[in-house]
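*Asks:* 3D, please:
(chains A, B and C)
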Amino acid sequence: MLIFELSSEGRSATAQFEEAVPVTDIPSAHLRSESPGLPEVSELQVVRHFTNLSKKNFSIDGQFYPLGSCTMKYNPRGAHRAASLPGFLNRHPLAPEQNSQGFLACMYELQEYLKDVTGMQAVSLTPMAGAQGEFAGVAMIRAYHEHRKDTDRTEILIPSAAHGTNPATAVMCGYKVREVGVTRDGDVDIDELKSAVGPQTAGLMMTNPSTCGVFERRIQEIAKVVHDVGGLLYYDGANLNAILGKVKPGDMGFDVLHMNLHKTFATPHGGGGPGSGPVGVGEKLMPFVPTPVVGKDGDDYRWIDQSELPLSIGHLSAFMGNAGILLRAYAYARLLGNQGMHRVGEYATLNANYMAKQLTQAGFRLAYPERRATHEFIVTLADEARDLGVTAMDFAKRLLDYGFHAPTTYFPLLVPECLLIEPTETETREEIDGFVEAMVEILNEARETPDLLKQAPHTMPVKRLDDVKAARDLDLTYSPEFLDNN
Amino acid sequence: MAEFPDNLHYLDSHEWARVEDDGTVTVGISDHAQESLGDVVFVEMPELNSEVSAKNEAGVVESVKAASDIYAPVSGTVSAVNEQLEEAPEIVNDSPYDDGWFFNITPSNLDEISSLLTASEYQKVCEEEDH
Amino acid sequence: MPFVPHTVDDERFMLESIEVSSIESLFDEIPPDLRNGQLKETPAGISEMTMLRLMSERAAQDDVALSFLGAGAYEHHIPSAVWDITARGEFLTAYTPYQAEASQGTLQLIYEFQTMMSRLTALDVANASVYDGATALAEAILMAVRANKKSKSKRILCAGTIHPRYLAVCRSIVSNQQIEIEVIPYAEEIGTLGSTVLASYEDKDFAGLVVPYPNFFGGLEDIDHLTDWAHQEGMLVIGVANPMALALLKAPGDWGEDGADIAVGEAQPLGIPVASGGPYLGYMCCRKSIVRQMPGRIIGRTVDLDGKEGFALTLQAREQHIRRAKATSNICTNQGLLVTAASIYLSLLGDRGLAAVASRSHNNITSLIGKVSSIPGVTVRFAGPVFHEVVFQVPTTAGDVLQKMSAEGVLGGYDLGQIDPELSDCVLTNTTETKTEADLQRFAVVLEQVLKEC
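*Replies:* Model prediction:
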């Protein structure tokens, strides 16, 4: 039932507003002639409708959610509570600095912690998601080259296993994308990289550990190859959880990075957002960071804007970014402290390696069996697809019936029939064992009753949806006629 | 098993070209291409009367999970587009070589057609891709 | 160890199972000289109790009694149910709804949101959100350049009354693709474009025209005339509208003869706290004919294997995870949770409630103008109707006045001298329905008092 189908003319949640007053001083040419057609429902109807909708979702709070590359770890309620304190919620973004010292103190300290944990020289908190952090990073690379009048650099190099945002970002920044291959054991093909770099190279974007779930062992050599031709190195922080408190991207030779606080710093994903994608830079890119950043004079915190950073790539949001997410990340960092942060990478890695081992022993095949798993790993179901006719998608859908959210499927594209699995450090051994047991059960079903997988899921609010119809007969807004005609 | 009609010319990017009696060239995507794309949900055509050049992008074909550029096999002017595909993109799956044609080009240099692949050469390309 | 559940026995058992002696050996593929994650600036961990104490103290420090700040972020009443339900773990801690069968709650909710936004703007379709109003405009500009098939131009025309920060953000984002934004200066007396300045922009081949509504100064542009003129010139029209205002004011889809082609803006007024500037909610709506040029996630209604109604991501071939370098945008994560809040807000308010809030917000500014106009030396800077925000001219520098007012516990508005030295004696002041007669009176009293001291 859609909220519009609950609507009854004249009904409303009357406690939520005082009646309209006549508007007499706006010319009629500016006035709306027809009401928009929002739902007309009671407050209880609204509460019940959306509560019931929420029950149709999987979530970290409800289910184990081992989505590779997404770091679905526990989102501490305390961090949510802290960010929801009235003083933070009521603070207007343009409030004067003297009325903002509490907020600015949190932001300044968060900048310091993020510098510390990444080995970077400066941090700007303003990008509102990973993709915007990527944009900021590549725009800074561009600004750096242009400032040096080094304007013939037209290409960004990207490993073929990269997340789709990397090439899309490079293009948004006006660059051409050149892909570099990946070897059979998941490393960047250095020979191919060497032949790809040149005076046209603006930079290289990469994730480490890579999207193949392995650590790029020759990262220092890669950095040298790129730096030797005058290019810069961009670190996509999607997988930072794997090495948090263990390895700093700055030490690997990266010049610029973004972090996904909604992954590594445990802020909630919210059903698709909001995120937060602060950027960190080394010495070379410090003049170019996006504004505003928070500075400190004596005991006073203040905004630093373009007047003091004239080479900045500028503003990326109407105000200062996703402040509420930054406050949650700050609270999380305080709860963990330095010791807690060291343990993030360690136990995320322990959980992934344990799970990979259990699955291998149960007869599943790893995509990179010779390699150590990082915080995630890839299982390939190519054999099962060939021998039993069941796909990675079938496994994923059947897992839902067992009460587990599916791992990431069909990414990275270069591994056939893959499941990219990331348990995170916040899951217990028992939960991991339960997932492995479900996988074993499903493998048995695949042999004995494959239709059970192909028709899965069976216990969700809907069965598999007709994606083709969704795309061919576009129905993007509600009208009562749609289903009657189909 | 995909079909590879002998009377057509192919690009390794999976378009086919047919020289019509009036000297124009009709373009579509191969049976192999429609199979690997899956259910086609949308086709973006070049503008009528626009110029296209050989081996450059002239349109896009989309399935639910993929999108591929369509490359023009020869240079020239777009003299017709298959408007039926706008409403019924599934024709590309049902009839890739006949009703599922994309557009028609009045070529500026028909000799370009000789640089395209023959049916057997193209079939080899597809077999290699599948391995 | 916060949030790491392993017991000593667990750890031993797991390491034995992996056949390694220590956790450190799991990092043996990483060159040893890189394994130095020492943290020097990060303090030791604290308990939730201590953390909440610290943050409560800091939050309390910033709690100011009475604010008339607007300028793109507006303090409306937020019904209690909005965040009680939005903060349910099933919404808060869900991922992007890629597994449709396990995400019908989020998917149906976004579909309902798309419907509400498309009805508010009177345009055919909406997406599932972008980051904020400013980036929504940047995306709309990129979209207009792609979608305008009549024009090969990479130039966009923009009203000079756009929020200055929106313009700055757009320039940061689109300039790398060699897209230029040319600004039409506004008429100084009225704070809108007026209708006489357009002739010099004719026959110049722009891909689109950006029209804010209400504009940055709270004023109302001549939307019908601008829309028709831009269409005549072969441009697409991008309306940047406050969705709260649209309860009262003409929807972009109804502007001029044919309506605007794209509407974008900041949906923060719909149930989202001002909260230091984010997370907010950028919305985008457009005509159906150009939906394939729209960036971001879009939800469609379809059926499942049994023919039962269901919801799924659709038109995904536009997006970065499929189209990579040729995607319409790099956007991936959006503002899903804020979509939840806004959908609940709009459902609670309905047509009647939203119109009530809009009318009361407007009426309060009218009332405030009345109270303030009796103060010697204070005038309304621009003639013409406004929605819920107005520019007051004061007889001294605005910065001084505002600082003195804030010392009295009133944030009187935004100092326009910060964006234009010519306006350094001007304050942009907003009222919403939350302001009482006493609040308005207090503003006037405090303003009059500090002016006497100046």
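*Asks:* where along chain A do the strands fall?
*Replies:* For chain A, strands defined by DSSP state E occupy the ranges A:122-124, A:155-159, A:176-180, A:201-207, A:232-237, A:256-259, A:279-281, A:293-297, A:300-304, A:365-366, A:377-380, A:408-409, A:418-421.
*Asks:* again with chain B
*Replies:* Along chain B, counting by DSSP E, strands occupy B:9-10, B:15-19, B:25-29, B:40-44, B:51-52, B:57-63, B:67-71, B:76-81, B:103-107.
*Asks:* adding mean neighbour count, write these out as JSON lines.
*Replies:* Glycine gets a C-beta too; all of them are placed from N, C-alpha and C. Shown next, in JSON lines, are the strands of chain B (neighbours: other CB atoms under 10 Å in any protein chain shown):
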{"stretch": "strand B:9-10", "mean neighbour count": "24"}
{"stretch": "strand B:15-19", "mean neighbour count": "22"}
{"stretch": "strand B:25-29", "mean neighbour count": "25"}
{"stretch": "strand B:40-44", "mean neighbour count": "23"}
{"stretch": "strand B:51-52", "mean neighbour count": "20"}
{"stretch": "strand B:57-63", "mean neighbour count": "22"}
{"stretch": "strand B:67-71", "mean neighbour count": "20"}
{"stretch": "strand B:76-81", "mean neighbour count": "18"}
{"stretch": "strand B:103-107", "mean neighbour count": "22"}
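*Asks:* right, so of these, which gets closest to chain A?
*Replies:* Among those, the nearest to chain A by CB to the nearest CB is strand B:40-44 (3.8 Å).
*Asks:* circling back to that earlier point, any chance of the strands of chain B in TSV, with mean pLDDT too?
*Replies:* Converted to TSV, the strands of chain B look like this (pLDDT from 0 to 100):
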stretch	mean pLDDT
strand B:9-10	96
strand B:15-19	95
strand B:25-29	96
strand B:40-44	93
strand B:51-52	93
strand B:57-63	92
strand B:67-71	92
strand B:76-81	96
strand B:103-107	96
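*Asks:* who wins for proximity to residue C:193 among those strands?
*Replies:* With CB to CB as the measure, strand B:40-44 is the member of the strands of chain B nearest residue C:193 (35.6 Å).
*Asks:* sheet-wise, list the partners of the closest one with their directions.
*Replies:* Partner strands and pairing direction for strand B:40-44 (DSSP bridges) are strand B:57-63 (antiparallel).
*Asks:* skipping its backbone neighbours, what lies nearest the residue of the stretch 51-200 of chain C at minimum distance from chain B in space?
*Replies:* Residue of the stretch 51-200 of chain C nearest chain B, by CB to the nearest CB: residue C:149 (6.9 Å). Of all residues not flanking residue C:149 in the chain, residue B:47 sits nearest, at 6.9 Å (CB to CB, 6 or more residues apart in numbering or on different chains).
*Asks:* burial of the one you found, as a residue count?
*Replies:* 13 (other CB atoms under 10 Å in any protein chain shown).
*Asks:* again with residue C:217
*Replies:* Each residue near residue C:217 was counted by other CB under 10 Å, and the total is 24.
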